[in-house]
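Sequence plus the predicted model coming up.
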Amino acid sequence: MNAPDPVSLTSEAPQTDAALRRVLRADLLDFTADPGFALPQEATGVRWRPDHLVLIEDGRIHAVQPADQPVPAGWQSVPQEDHGGRLLMPGFIDTHVHCPQLDVIASFGTALLDWLNTYTFPAEKRYADPEVSRQGAQRFLSALWAHGTTSAVVFPTVHKVSAQALFEAAHAQGMRLITGKVLMDRHAPDGLRDDVVQAERDCIDLIDRWHDQGRQAFAVTVRFAPTSTPAQLAMAGLLCQTYPGTYMQTHVAENQDEIRWVAELFPDARSYLDVYDRDGLLGPRAVLAHGIWLDANDRAVLRERGAQIAHSPSSNLFLGSGLFDWAQAQREGVAVSLASDVGGGTSLSMLRNMQDAYKIQAMLGNRLTAWKALHAATLGAAQALGLSHEIGQIEPGHMADLAVWDWAHGPVAEHRDRLARDSHASLHERAFVWMTLGDERNLVETLIRGQTVFQSPL
Ligand code: GUN
Ligand code: ZN
């Protein structure tokens, strides 16, 4: 992996030679397969390794072993970082989030189309300024790390410089990041539109400079069908075909007014999804946010193309967009990952988004286990992105992108966790309590490529 030397951090964790080798002791939780919508007692694919050591060398996981077994020769002198009784998981993967929208998170009172015009577009205009983009990218990545997220698929703005800034900041830390300048050449205000020729040139420049550079990957980033002309969508499809390793990200079937608008703009398309499909934008590397209002035909297309839905529960609730039927998507073979969609979403915390996901499924009569939710934000997302050789599990050879969590924060959660633990309830009960009551305040430390990028101040 061709990443640069790490930048210096304010963290107190070892960052120099000692960081080449680290040993962490904790209770390990990750997944070896999709537990699906099976009930907790019937779920498979959950890997629980209490009191284990994770040996890290040069940014990768070197070995995993029970804590009571001797470490290999040469590792005895490496001090153990003892997180005994804490949870160690793969860092979370947020498959759809907007960097500039930290500026508009928690904006009152509107649904999607008004929300874009009233809050989001004005905020995104500011990212034309390279310094705003640079500071915004750094603030955004630091915030992801402070929520236990170590990889992300990110929307910047229409400005090339905003994608550039994200790539630079992620690359400096060796973080796995997928992004690309946003394509929008109509139905957006002055200062937020590109044109087909310039947009294509910017995308090719960014691909040449950043795609497969270290852990960076380019995504052809169509904001959504209404803000691209048919000519721009055709150009975007051509980029996907010409550069097959790149990703594609967009929004689809989020909101009823949006869907009506797309039907007016593209009267020949069978459906909203078809607008993308007929230009060749859907493939195994396509990430489509929301997909609440797709029909069975659309879901079959997604399955055949191998594209994934980035389910964004807190955003869907906050913007009043609708209830995504995850169990139905699962039954019909559509890959679903989890996303914060900040700033339509109200938190970068994947745990908080899981809490909202649980409630949405409850409204639909489905039961989302902690196993299914946690899998979706780790191994499930890694597989859907074609990155499961690198992220999503605590496995020798994988990148040491990890998060250490306290089981409980605050008196209510501590009480409830103690009951779950002492009553010898199932591991799922304890994990579900953690998922349901936990958030970024439970986070102790985040590592990317074996380097501490966040440490709890407590
Ligand atoms: N559809 C088009 N743009 C956006 C956006 O920024 N957020 C959400 N949630 N939906 C969109
Ligand atoms: Zn979005």
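Cool, got the structure. Ligands and ions are numbered 1, 2, ... in the order given.

okay, and for the chain, where does confidence drop off?
The model of the chain has pLDDT under 70 over residues 1-19, 458.

Run through the residues of it sitting next to ligand 1.
Counting by C-beta under 6 Å from any ligand atom, the residues of the chain lying close to ligand 1 are His98, Leu112, Leu116, Thr120, Arg223, Phe224, His251, Glu254, Ser315, Asp341, Gly344. C-beta coordinates here come from the backbone N, C-alpha and C atoms, glycine included.

of those, closest to Asn366?
Proximity of the residues of the chain next to ligand 1 to Asn366 was ranked by C-beta to C-beta; the top entry is Ser315 with 18.9 Å.

what residues does the helix or strand in which the closest one is found touch?
Under the criterion of DSSP states H and E, Ser315 resides in helix 313-318. Outside helix 313-318, the residues that touch it by C-beta atoms under 8 Å, 6 or more residues apart in numbering are 254, 290, 292, 321-324, 338-342, 344-347, 352-354, 356-357, 359-360.

out of the residues you listed, which touch ligand 2?
With respect to ligand 2, and counting by C-beta under 5 Å from the ion, the subset of those in contact is Asp341.

Show the buried residues in the contacts of helix 313-318.
When these are checked for burial by 16 or more other C-beta atoms under 10 Å, the buried set is 254, 290, 292, 321-324, 338-342, 344-347, 352-354, 356-357, 360.

Show me the strands in the stretch 301-450 of the chain, by range?
Assigned strands in the stretch 301-450 of the chain, in chain order: 308-311, 335-338, 402-405, 443-448 (criterion: DSSP state E, counting those that start in this stretch).

Which of the ones you listed sits closest to Thr150?
When the strands of the stretch 301-450 of the chain are ranked by distance to Thr150, counting by C-beta to C-beta, first place goes to strand 443-448 at 5.2 Å.

quick check: angle from the next helix-or-strand element following the closest one to strand 443-448?
Scanning forward in sequence from strand 443-448 by DSSP H and E, the next helix or strand is strand 451-455. Orientation of strand 451-455 against strand 443-448 (axes from the mean of the first three to the mean of the last three C-alpha atoms, to 10 degrees) gives an angle of 150 degrees.

and the closest residue to ligand 2 within the stretch 301-450 of the chain, what does it touch?
At 4.4 Å from ligand 2, Asp341 is the closest residue in the stretch 301-450 of the chain, using C-beta to the ion. Under the criterion of C-beta under 8 Å, 6+ apart, the neighbours of Asp341 are His96, Val97, His98, Ala289, His290, Ala310, Ser312, Ser314, Ser315.

what about the one residue in the stretch 101-250 of the chain that gets nearest to ligand 2, how many residues close to it?
For the stretch 101-250 of the chain, the residue positioned closest to ligand 2 under C-beta to the ion is Phe155, at a distance of 6.1 Å. Residues lying near Phe155 (other C-beta atoms under 10 Å) number 26.

how many neighbours does the closest residue to it other than its chain neighbours have?
Across the structure, with C-beta to C-beta, 6 or more residues apart in numbering as the measure, the residue nearest Phe155 apart from its sequence neighbours is His98 (4.3 Å). By the other C-beta under 10 Å criterion, the neighbourhood of His98 contains 27 residues.

and what of the one 4 residues further on?
Close neighbours of Leu102, defined as other C-beta under 10 Å, add up to 16.

is it true that it touches Thr346?
No: Leu102 is not in contact with Thr346 according to C-beta atoms under 8 Å; the separation is 11.7 Å.

Could I get the phi/psi values of the residue of the stretch 201-350 of the chain found nearest ligand 1?
For the stretch 201-350 of the chain, the residue closest to ligand 1 is Gly344, as judged by C-beta to the nearest ligand atom, at 3.3 Å. As for Gly344, its main-chain torsions (degrees, to the nearest 10) stand at phi -70, psi -40.

Can you give me the separation between the closest residue to it other than its chain neighbours and Ala286?
Counting by C-beta to C-beta, 6+ apart, Gly344 lies nearest to Ser315, which is 3.6 Å off, once chain neighbours are set aside. When distance is defined by C-beta to C-beta, to the nearest Å, Ser315 is 19 Å away from Ala286.

Comparing these two, which residue is more hemmed in?
Between Ser315 and Ala286, counted using other C-beta under 10 Å, Ser315 has the larger neighbour count: 28 against 24.

State the distance from Leu385 to Leu338.
Relative to Leu338, Leu385 is positioned 12 Å away (C-beta to C-beta).

Give the intersection of the neighbour lists for the two.
Overlap of the contact sets of Leu385 and Leu338 (by C-beta under 8 Å, 6+ apart) consists of Thr95.

Helices along the stretch 101-250 of the chain, start to end?
Counting by DSSP state H, counting those that start in this stretch, residue ranges of the helices within the stretch 101-250 of the chain are 112-115, 121-125, 130-145, 160-173, 196-210, 230-242.

Show me which positions of the longest one end up buried.
Put plainly, it is helix 130-145. Applying a neighbour-count criterion of 16+ other C-beta under 10 Å, one finds Val132, Ser133, Arg134, Gly136, Ala137, Gln138, Phe140, Leu141, Ala143, Leu144, Trp145 buried in helix 130-145.

what's the spacing between the residue sitting nearest the centre point of the chain and ligand 1?
Among the residues of the chain, the one closest to the centroid is Asp94, at 1.0 Å (C-alpha atoms, centre = their mean). In this structure, Asp94 and ligand 1 are separated by 14 Å, where distance is defined by C-beta to the nearest ligand atom, to the nearest Å.

right, and that residue touches Thr150 too?
No: under the contact definition of C-beta under 8 Å, Asp94 does not touch Thr150, with a separation of 9.3 Å.

overlap in contacts of the two?
Counting by C-beta under 8 Å, 6+ apart, the contacts common to Asp94 and Thr150 are Leu144.
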